[in-house]
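*Asks:* Got a predicted structure plus its sequence, pasted below:
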Amino acid sequence: AKTRIVATDYSGEMLKLAKKRMGSSNTLESNISVEFKAMDACDLSSLENKSFDCLLSNLCLMLIPDHTKAIKEAARVLKPGGIACWGIWGDESESTLFGTLPAAMKACGIETPERVVRSNFHMQRAYGDDGLKKLLLSEGFDRCVVFHVKNSLACLDGDEFQQKWLQIVGPRIPVLKTLSEEKMEELGDALAGEAEKIIGSGKPLCLDVTIIVARKG
């Protein structure tokens, strides 16, 4: 039997990147075809009811304006017995990674950007594990499990971490582009210090990810 994969994204640029990584072929193997579609997770109307066996969404659901609508759409396109799996930002208190740079910037007297959107942790904060299960069970799914995994950055040294992390997130923070070389060096030292505190406590530098797996009723 042939397997059909439909890869969707709201962003045309992300779809271009996915196609580029896929290469010229639209097949992974002889019996697996891949389609790329620009689509809103809250409106999968171009996909037929009960037409998919699985739905996978990674670190996306918490970004969607109406996550309940996206869950309803997932239930609609899945066949009875179909499986949906979402990964969302999880327990903020267990997510040591994303607090390091704001703490280092504060220590260096660098103004941090104002948050103009809700936190990516908002779903876990609002529902908790039990509430997430109840949400899925109220929207067409008959079984649901929720668990947590740590998405860790493999660093055991503060200086190594600060170099990697500033390369990853630095270009996305406009205020850092205005800093002098001396100030950036000070920030790097402060960031390494924040990382050393976490590593020294025996915890990983990580994002806690909530995994939600649900079966369509």
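*Replies:* Alright, I've got the coordinates. Numbers count the residues shown, from 1 in each chain.

*Asks:* Tell me which residue is most central in this structure.
*Replies:* Computing the C-alpha centroid of the chain and ranking residues by CA atoms, centre = their mean puts residue 59 first, at 2.3 Å.

*Asks:* Distance check, that residue against residue 85.
*Replies:* Taken as CB to CB, to the nearest Å, the spacing of residue 59 relative to residue 85 amounts to 12 Å. (Glycine included, C-beta is placed from N, CA and C.)

*Asks:* hmm, who's touching stretch 118-137?
*Replies:* 61-63, 67-68, 71, 88-92, 95, 144-146, 210, 212, 214 (CB atoms under 8 Å, 6 or more residues apart in numbering).

*Asks:* Mind listing what's buried along that stretch?
*Replies:* Within stretch 118-137, the residues scored as buried using 16 or more other CB atoms under 10 Å are 120, 121, 122, 123, 124, 127, 129, 132, 133, 135, 136.

*Asks:* neighbours of residue 97, just the number please.
*Replies:* Here the count is done by other CB atoms under 10 Å, and residue 97 has 21 residues near it.

*Asks:* what distance separates stretch 19-35 from the centre of its chain?
*Replies:* How far stretch 19-35 lies from its chain's middle: 24 Å, per CA atoms, centre = their mean, to the nearest Å.

*Asks:* scratch that, stretch 197-207 is what I was asking about
*Replies:* Per CA atoms, centre = their mean, the displacement of stretch 197-207 from the mean C-alpha position of its chain is 20 Å.

*Asks:* For stretch 74-89, which residues meet the burial criterion?
*Replies:* Within stretch 74-89, the residues that count as buried by 16+ other CB under 10 Å are 74, 75, 76, 77, 78, 82, 83, 84, 86, 87, 88, 89.

*Asks:* Compute the number of surrounding residues for the residue lying closest to residue 32 once chain neighbours are set aside.
*Replies:* Using CB to CB, 6 or more residues apart in numbering and skipping residues adjacent in sequence, the residue nearest residue 32 is residue 3, 4.6 Å away. The number of residues packed around residue 3, counting by other CB under 10 Å, is 12.

*Asks:* for the residue nearest to the centre of the chain, what are its contacts?
*Replies:* Counting by CB under 8 Å, 6+ apart, residue 59 touches 87, 88, 89, 209.

*Asks:* Could you tell me which helix of the protein is the longest one?
*Replies:* Secondary structure of the chain read by DSSP state H shows that its longest helix is helix 181-200.

*Asks:* Past that one, which element shows up next along the chain?
*Replies:* In the C-terminal direction, the helix or strand that comes right after helix 181-200 (DSSP states H and E) is strand 206-216.

*Asks:* per-residue confidence averaged over that next one?
*Replies:* The average pLDDT within strand 206-216 is 98.

*Asks:* Of all the residues in that strand, which ones are buried?
*Replies:* Residues of strand 206-216 classed as buried by neighbour count (16+ other CB under 10 Å): 206, 207, 208, 209, 210, 212, 213, 214, 215, 216.

*Asks:* JSON lines for those, including distance to residue 190?
*Replies:* Listed next are those as JSON lines, based on distance: CB to CB, whole Å:
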{"residue": "206", "distance to residue 190": "20"}
{"residue": "207", "distance to residue 190": "21"}
{"residue": "208", "distance to residue 190": "24"}
{"residue": "209", "distance to residue 190": "27"}
{"residue": "210", "distance to residue 190": "30"}
{"residue": "212", "distance to residue 190": "36"}
{"residue": "213", "distance to residue 190": "39"}
{"residue": "214", "distance to residue 190": "42"}
{"residue": "215", "distance to residue 190": "47"}
{"residue": "216", "distance to residue 190": "49"}
